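> The sequence isn't on hand, but the structure is:
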């Protein structure tokens, strides 16, 4: 939409030195801060720098943002941020467990879980970049993976590849 998007494209191309910075541009809904639209006028602006200085991990920030579809308003609150931090921490703990349990072969349970994660992640992202659904698939895999590890199942190449692929996309 002229002129906003053309300006964004021009700035991004100039900064990166690339003629085509992105093939697709998505315009997200508004961000609400504790129920009120984020706005300079209201003085309720959050910047990535502010969040970094406050010690908010980037993974938790991404998880919070991915919890709402880009076409819907995201309501930022201290409780939502705390939940995202906790969720990101749980995912990190599972990743550590998965790496420690690395095996040369996967148990059938891990093969099925890895195939399900790969399928669910692709379907979610193909569905209008449905990040909340993609995150749900990641948590479902974590839950199944934790149960499998608790039962002594082996996490081999399929388990690790599916997790790594999902992590490279979502980085939560």
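Looks like it came in fine. Values in this document were obtained by computation on a predicted structure and should not be read as measured data.
> hey, let's count contacts and neighbours off CA atoms from now on
Will do.
> And residue 79, which helix or strand is it part of?
Taking DSSP states H and E as the definition, residue 79 sits inside helix 78-100.
> Identify the residues contacting that helix?
Contact partners of helix 78-100, identified using CA atoms under 8 Å, 6 or more residues apart in numbering, comprise 56-57, 59-61, 63-64, 139, 142, 145-146, 155, 160, 172.
> want to throw those into CSV with neighbour count, secondary structure and pLDDT?
Compiled in CSV, the contacts of helix 78-100 are given as follows (neighbours: other CA atoms under 10 Å; DSSP: H, G, I helix; E, B strand; the rest coil; pLDDT from 0 to 100):
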residue, neighbour count, secondary structure, pLDDT
56, 16, coil, 94
57, 16, coil, 95
59, 19, helix, 95
60, 21, helix, 95
61, 19, helix, 94
63, 22, helix, 96
64, 24, helix, 95
139, 17, helix, 98
142, 22, helix, 98
145, 24, helix, 98
146, 18, helix, 98
155, 27, strand, 97
160, 20, helix, 97
172, 24, coil, 89
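> which one of those residues sits closest to residue 114?
Distances from these to residue 114 were compared by CA to CA; the smallest belongs to residue 160, at 8.3 Å.
> for the closest one, what are its contacts?
If you count contacts by CA under 8 Å, 6+ apart, residue 160 has them with 98, 99, 102.
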